[in-house]
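1. All I have is the shape, not the residue letters:
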């Protein structure tokens, strides 16, 4: 019995959120269409039905922007045409599409009884999450012109070396992926940056905050308001300045401030 499901929600003119649920996992992707083409922001977990759900939303040609190369954001890349990614994600892309690594990650994330229940879906994820695709590497400031609609790429290293956000000035939205959400940001994972780097990224987003009203993350509550930026800045600053008080959750060391937390590696903050 499959527990996979998709939820498609129109969040604005020619803009959709596609959420994927796999029992213990949830990932959000966004399709943004202009007059000439559409941009899919992340491709999620490669779960059955995702490609069909996306393709049924627009008749425009679809290109893909991956905000970073974690497996829950690149899963269905191979089913689309042009894929854009930060060049700093090359090594992480190779790692996250290595079958042995991906299998271990899934096994660690999903308890054994649920792995049996989801064996078909897990097999599909392992098969479809590959490095195959027509990739083009982009940098901070890249602008996607979709036809009477432009999206601006903002480099926000921290969660990964090449993490990107997408600014839609016309609609006053920021698509933040795993850089900002209502729960916490993971900096303890492989190929994450030190808290100092994340702090700089968050301060940059705050400097740009007059250009957006809502933030659309890759996980958890969607959308969230801009006040989360200040809480992440304060949390990161406490880590950098050595004033943070640490706790532990799900085998990760974290510092908390207000509504948010930031995880860091054991043994210090690098």
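-> Structure received. Small disclaimer: the values here were computed from a predicted structure and weren't measured. Residues are numbered from 1 along each chain as shown.
2. can you list the weak-confidence ranges in the stretch 101-250 of the chain?
-> Across the stretch 101-250 of the chain, nothing is flagged by pLDDT under 70.
3. All the strands of it, in order from the start?
-> For the stretch 101-250 of the chain, the strands defined by DSSP state E, counting those that start in this stretch occupy 134-138, 143-145, 150-155, 164-168, 173-177, 184-186, 214-217, 224-225, 246-249.
4. JSON lines please, covering these and showing distance to residue 108 and mean neighbour count.
-> Any C-beta I mention is one placed from the backbone N, CA and C, and that applies to glycine too. Formatted as JSON lines, those follow (distance: least, C-beta to C-beta, whole Å; neighbours: other C-beta atoms under 10 Å):
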{"stretch": "strand 134-138", "distance to residue 108": "27", "mean neighbour count": "15"}
{"stretch": "strand 143-145", "distance to residue 108": "35", "mean neighbour count": "15"}
{"stretch": "strand 150-155", "distance to residue 108": "29", "mean neighbour count": "19"}
{"stretch": "strand 164-168", "distance to residue 108": "26", "mean neighbour count": "24"}
{"stretch": "strand 173-177", "distance to residue 108": "22", "mean neighbour count": "28"}
{"stretch": "strand 184-186", "distance to residue 108": "14", "mean neighbour count": "20"}
{"stretch": "strand 214-217", "distance to residue 108": "23", "mean neighbour count": "22"}
{"stretch": "strand 224-225", "distance to residue 108": "28", "mean neighbour count": "15"}
{"stretch": "strand 246-249", "distance to residue 108": "15", "mean neighbour count": "12"}
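5. Of all the ones you listed, which one is nearest residue 196?
-> Closest to residue 196 of those is strand 184-186 (C-beta to C-beta; 13.9 Å).
6. Next, the contact list for residue 196, please.
-> The contact partners of residue 196, taken as C-beta atoms under 8 Å, 6 or more residues apart in numbering, are residue 240.
7. related to what we said a few turns ago, now the strands of the stretch 101-250 of the chain in JSON lines, with distance to residue 48?
-> Formatted as JSON lines, those follow (distance: least, C-beta to C-beta, whole Å):
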{"stretch": "strand 134-138", "distance to residue 48": "23"}
{"stretch": "strand 143-145", "distance to residue 48": "28"}
{"stretch": "strand 150-155", "distance to residue 48": "28"}
{"stretch": "strand 164-168", "distance to residue 48": "26"}
{"stretch": "strand 173-177", "distance to residue 48": "23"}
{"stretch": "strand 184-186", "distance to residue 48": "27"}
{"stretch": "strand 214-217", "distance to residue 48": "24"}
{"stretch": "strand 224-225", "distance to residue 48": "29"}
{"stretch": "strand 246-249", "distance to residue 48": "31"}
